[in-house]
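Asker: when you get a sec, could you give me coordinates for this:
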Amino acid sequence: QVPRAPSQPLASSESRRFTNKHSKKALKASLTLGILLGMFFVAWLPFFITNVAQAVCGCVPAGFFDVLTWLGYCNSTMNPIIYPLFMRDFKRAMGKFLPCCRRSGEPRPSAISLSMRNSNSGPRAATSLKNVL
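Answerer: Predicted coordinates:
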């Protein structure tokens, strides 16, 4: 028999904790995706079915068609509400760039820092704000 090193149970415990943490994240992500897709299908599937029925038989009243269209539009307006509720990263990004969602202690990002962050060039040693302007 090979004697066990004392670090083996610890590594196994850390591995289980790592797996458990990622399985919780995966479960939350799949739940969020399920809610978003479920709402999408509930809102838009009647519209598409009615649209096909209208093309085939022309028997759908215009008012009913309008209601189903607006049901789909309402689904599209719900997405910006659903994403922040279920996704922490999305909430942080919204808080950074929208003044209404920013915490009082957080500084507002400047246009220069945003453009430097979005460009692939990074900061240049010889370029200063005075030279740019």
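Asker: C-alpha from now on. contacts and neighbour counts both.
Answerer: Noted.
Asker: low-confidence ranges, this protein, go.
Answerer: Of all residues in the chain, those with pLDDT under 70 make up the ranges 1-18, 101-133.
Asker: give me that answer again for 80
Answerer: Applying pLDDT under 80 to the chain flags the ranges 1-22, 80, 82-91, 94-133.
Asker: ok, longest helix in it?
Answerer: For the chain, the longest helix by residue count, based on DSSP state H, is helix 7-57.
Asker: other SSEs contacting that one?
Answerer: Applying 3 or more CA pairs under 8 Å, 6 or more residues apart in numbering; DSSP states H and E, we find helix 7-57 packed against helix 62-86.
Asker: buried ones in the helix it packs on?
Answerer: 65, 68-69, 71-72, 75, 83-84, 86 (16 or more other CA atoms under 10 Å).
Asker: looking at those residues, which is nearest Pro46?
Answerer: Distance to Pro46, by CA to CA, is smallest for Leu68 among the buried residues of helix 62-86, at 6.7 Å.
Asker: doesn't Phe47 make contact with the closest one?
Answerer: Yes. Contact criterion CA atoms under 8 Å: Leu68 and Phe47 qualify, at 5.2 Å.
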